[in-house]
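> I would like to see how this sequence folds:
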Amino acid sequence: MQYQKKPYLIQQIIKKFLFICFIVLNYFVFAQNPSFADTKIDSIVYVSSDKTKIPYAQVFFEGKNYYKNTDKKGRLKLKKDEKITKITAIGYEDFISDSSNHNEYALKAKTRPEKTSLTPKNKVQIAVGKLDRNHKSYTNGYIGGYHENVYLSYKDSYPANAFIKSIAFLSSIPEGNGSKPIFLKLYKNENGKRGKIIDSAEFLVSCKPGKSYNKIDLSKSKVLFPKEGLFIGFEWINIPANFGMFQTKISKDDKKINRKVSFLEPGIGHEIVERDTQKSLNSDISKDKKIINDEYYKIALEVIISD
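Purely as a prediction, here's the structure:
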């Protein structure tokens, strides 16, 4: 009997040894690899009523100067130091978090505001801006989240009840990369600064690969042009599927060095303008325009206003 126990004891020792090796190996794999060490399990953002996943929800964090978006399936990969404080999504109430770590976040659907009883007649149409289909200048978003806005002032020549019928813009995505989503939002002008989003004026636009002309029909939304003017904003969606990269040369210590620059797709067409014309391009009318190579630019738009 004693001779029969030795093989059993040897098997147990081998099993324990292999188990310890497995634990040690996993420690080195996960601890030494930042992608594992810094990342939690995916979080999910969904509708509270039926757990439908919410794509491209915007997520803000405690003490961070960037935002992230959920992917098209409502998933979000977080780092250990990213504590969610707020989640916003088109058509849903804002979710305010207690900064605790969770894996699931439920948003409630907004009560849809009543649209104006006025009906667009479309007898008068006024075009503001004009797009060149052969446009060559485009601006991309920054990794970490980015928005760009253009201010439009109300003019006395507009109809008494001026509706925004459509907004068109140009986009650019490298061929073979697939379509890329971006948000188009209309904001109130509140004392010269970008204010709250206008009711029923948030749109998710899918831009096709290559250089594209994108026209968003707002006629069913019945968006009235405020007498105070408004901001038309583009909000890039900060997800890995939208990441792009190019190589450029920068000056450092009187030398030109190569540098890889990351950005968010799609590129949005912009136009060069005079410094003294229409001063705001972001969220404040008083700010100067964006500067690229010492030139001032704003996003190029084609807006149709109707009665």
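
> domain assignment for this protein?
36-107, 125-306 (automatic domain parsing).

> outside of the helix or strand containing residue 197, which residues touch it?
Using DSSP states H and E, residue 197 sits within strand 193-207. Contacting residues not belonging to strand 193-207 are listed as 56, 90-91, 112-113, 115, 149, 171, 173, 179-190, 214, 216, 218, 221-223, 226, 230-231, 233, 266, 282-285 [Cβ atoms under 8 Å, 6 or more residues apart in numbering]. Just so you know, the C-beta spots here come from the backbone N, C-alpha and C atoms, and that holds for glycine as well.

> and that strand, which residues are buried?
By 16 or more other Cβ atoms under 10 Å, the buried positions in strand 193-207 come out as 193, 194, 195, 197, 198, 199, 200, 201, 202, 203, 205, 207.

> could you pull out the buried residues of the next helix or strand after that strand?
As assigned by DSSP H and E, the chain's next helix or strand after strand 193-207 is strand 210-217. Neighbour counts over strand 210-217 (16+ other Cβ under 10 Å) mark 211, 212, 214 as buried.

> in this structure residue 118 contacts residue 160, no?
No. Counting by Cβ atoms under 8 Å, residue 118 does not reach residue 160; the two are 10.0 Å apart.

> tell me which of those two has more neighbours.
residue 118 (11 against 5; other Cβ atoms under 10 Å).

> so for that one, what's the nearest residue that isn't a sequence neighbour?
Excluding the flanking residues, the one nearest residue 118 by Cβ to Cβ, 6 or more residues apart in numbering is residue 161, at 5.4 Å.

> where do the strands sit along the stretch 101-250 of the chain?
With DSSP state E, counting those that start in this stretch as the criterion, the stretch 101-250 of the chain has strands at 104-107, 125-128, 138-141, 147-152, 163-173, 180-190, 193-207, 210-217, 230-236, 243-252.

> of those strands, which is nearest residue 75?
strand 104-107 (10.9 Å; Cβ to Cβ).

> how many neighbours does residue 87 have?
Neighbour tally, residue 87, other Cβ under 10 Å: 24.

> picking that back up, what about the residue nearest to residue 118, distance to residue 108?
Distance of residue 161 to residue 108, given as Cβ to Cβ, to the nearest Å: 33 Å.

> with residue 215 instead?
32 Å.

> isn't residue 46 up against residue 55?
No. With contact defined as Cβ under 8 Å, residue 46 does not count as touching residue 55 (10.6 Å).

> what do the two both touch?
Here residue 46 and residue 55 have residue 74 as joint contacts, going by Cβ under 8 Å, 6+ apart.

> after the helix or strand of the chain with the lowest mean pLDDT, next one along is what?
Lowest mean confidence among the helices and strands of the chain (mean pLDDT, DSSP states H and E): helix 34-37, at a mean of 34. Per DSSP H and E, the first helix or strand lying C-terminal to helix 34-37 is strand 43-47.

> what comes up buried for the next helix-or-strand element following that following strand?
Note on strand 43-47: by DSSP H and E, the next helix or strand toward the C-terminus is strand 58-61. Using 16+ other Cβ under 10 Å as the test for burial, strand 58-61 gives 58, 59, 60, 61.

> including pLDDT, could those go into CSV?
Formatted as CSV, the buried residues of strand 58-61 follow (pLDDT from 0 to 100):
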residue, pLDDT
58, 93
59, 92
60, 92
61, 90
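
> so which of those residues would you say is closest to residue 242?
For the buried residues of strand 58-61, the nearest to residue 242 is residue 58 (13.3 Å; Cβ to Cβ).

> these two touch, right, the closest one and residue 90?
No. The criterion here is Cβ under 8 Å, and residue 58 misses it with residue 90 at 9.4 Å.

> where's residue 142 relative to residue 300, distance?
In terms of Cβ to Cβ, residue 142 sits 20 Å off from residue 300.

> I should have written residue 156 there, sorry.
Distance of residue 156 to residue 300, computed by Cβ to Cβ: 25 Å.

> no more questions from me, cheers.
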